[in-house]
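> Predicted model and sequence follow; I will ask about them next.
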Amino acid sequence: MNWNRWIRESHRWVSLAFTLAVIASFVALAQKEPVVWVSYLPLPPLALLLFSGLYLFVLPYVSRWRRADAARFPG
């Protein structure tokens with residue numbers, strides 16, 4: 001599996017973990033005596049989603065720049 005595909009697949013799984021952490025946070029904070037530390041659970045997956053999402057966002061532009069450079073400077 002190449003690097004880009006691995007990051008794309010990891011991004012999908014981390015987004016699932018983020019969604020579950022947000023749901024758990026809502027459930028925990030809706031209790032009579034809320035557990036406040038649970039509200040911090042979505043932050044680590046969110047940070048990973050930020051970096052992998054930025055990488056996936058920039059990827060098409062970088063490949064376009066590389067193709068343009070290869071066409072401009074062959075060999």
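Cool, the structure landed. Residues are numbered from 1 along each chain as shown.

> Against residue 34, how distant is the residue nearest the centre of the chain?
The centroid of the chain falls nearest to residue 49 when counting by C-alpha atoms, centre = their mean (2.0 Å). Residue 49 sits 25 Å away from residue 34, going by C-beta to C-beta, to the nearest Å. All C-beta spots, glycine's among them, are computed from the backbone N, C-alpha and C.

> What of residue 54?
Where residue 34 is concerned, residue 54 sits at a distance of 32 Å (C-beta to C-beta).

> ok, the two, which is more surrounded?
In terms of neighbours (other C-beta atoms under 10 Å), residue 34 is the more surrounded of residue 54 and residue 34; the figures are 13 against 10.

> just checking, that one touches residue 27?
No: if you go by C-beta atoms under 8 Å, residue 34 and residue 27 don't touch, sitting 9.8 Å apart.

> Can you list the low-confidence ranges for the protein?
1, 69-75 (pLDDT under 70).

> those helices in it, which residues are they?
Here the chain has its helices, by DSSP state H, at 3-29, 43-72.

> okay, these, which one's buried deepest?
Ranked by mean neighbour count, these are led by helix 3-29 with a mean of 14 (mean count of other C-beta atoms under 10 Å).
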